[in-house]
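Trainee: I would like to see how this sequence folds:
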Amino acid sequence: MTANTAFEELLEELEDEMGVVNQAGAFAFGKGDHEAAEAAVGRAKHLTALRLKVSKLRDEWNTFHPAPASVQIHPDGYSQVDRGHSDRLQRGKRTPERVFEIPILKALVEMGGRARMGEVLVRVEQLMRDTLKPVDYESLKSSSDPRWRNTGQWARNTMVEHGLLRSDSPWGFWEITDAGRRYLAEHSD
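Mentor: Next comes the predicted model:
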């Protein structure tokens, strides 16, 4: 197993756990168990911070240790790995988070720089229609949302951490930064 494969597996495990925590928090809140809901929020914050650390560590690893030319990497950036879990998605099957960056930035620019999450994701799906894979449209076990929406939301979190999107936007809104506009200008076709 390569380090990149291990990082991607860990990131996906953290995403899966976040789905479980979100579902448990929503259930607790619905039952009026505010203590359990608050505990779920705390765990979600911890998982988000941990995911960010792993993502940064992966990026640092790739900066100082690029894959040798002899290593076969799948075109979407992931190695093909089957861990023997029939209920888990095989690595490299879903569209990677980083592929969502430009469509999210384009959607926000088209929408005047700021829009509701749902509206942004509708436009992102339109922009990525030729990129998204059938597996991206499958529902996650932890919610009825398709996998691509979850990946898009994680991409948003990473983009906030990289300064491409504002961290202080009102809840439910996504907003591009000047750095995000520059990144889009430098990286779009």
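Trainee: any idea how far the closest residue to residue 137 other than its chain neighbours lies from residue 125?
Mentor: Using CB to CB, 6 or more residues apart in numbering and skipping the chain neighbours, the partner closest in space to residue 137 is residue 146 (4.9 Å). Just so you know, the C-beta spots here come from the backbone N, C-alpha and C atoms, and that holds for glycine as well. As judged by CB to CB, to the nearest Å, residue 146 and residue 125 stand 9 Å apart.
Trainee: helix, strand or coil for the nearest residue to residue 48 once chain neighbours are set aside?
Mentor: Nearest in space to residue 48, with sequence neighbours left out and distances taken as CB to CB, 6+ apart, is residue 157 at 6.6 Å. On the three-state scheme (DSSP: H, G, I helix; E, B strand; the rest coil), residue 157 is labelled helix.
Trainee: which residues does residue 157 contact?
Mentor: 48, 51, 52 (CB atoms under 8 Å, 6 or more residues apart in numbering).
Trainee: out of these, the closest to residue 15 would be?
Mentor: residue 51 (7.4 Å; CB to CB).
Trainee: show me which helix runs longest in this protein.
Mentor: When the chain is parsed with DSSP state H, its longest helix is helix 34-64.
Trainee: what about the most centrally placed residue in the chain, which helix or strand?
Mentor: Central residue of the chain (CA atoms, centre = their mean): residue 154, 2.5 Å from the mean position. Following DSSP states H and E, one finds residue 154 within helix 147-161.
Trainee: average model confidence for that helix?
Mentor: The average pLDDT within helix 147-161 is 90.
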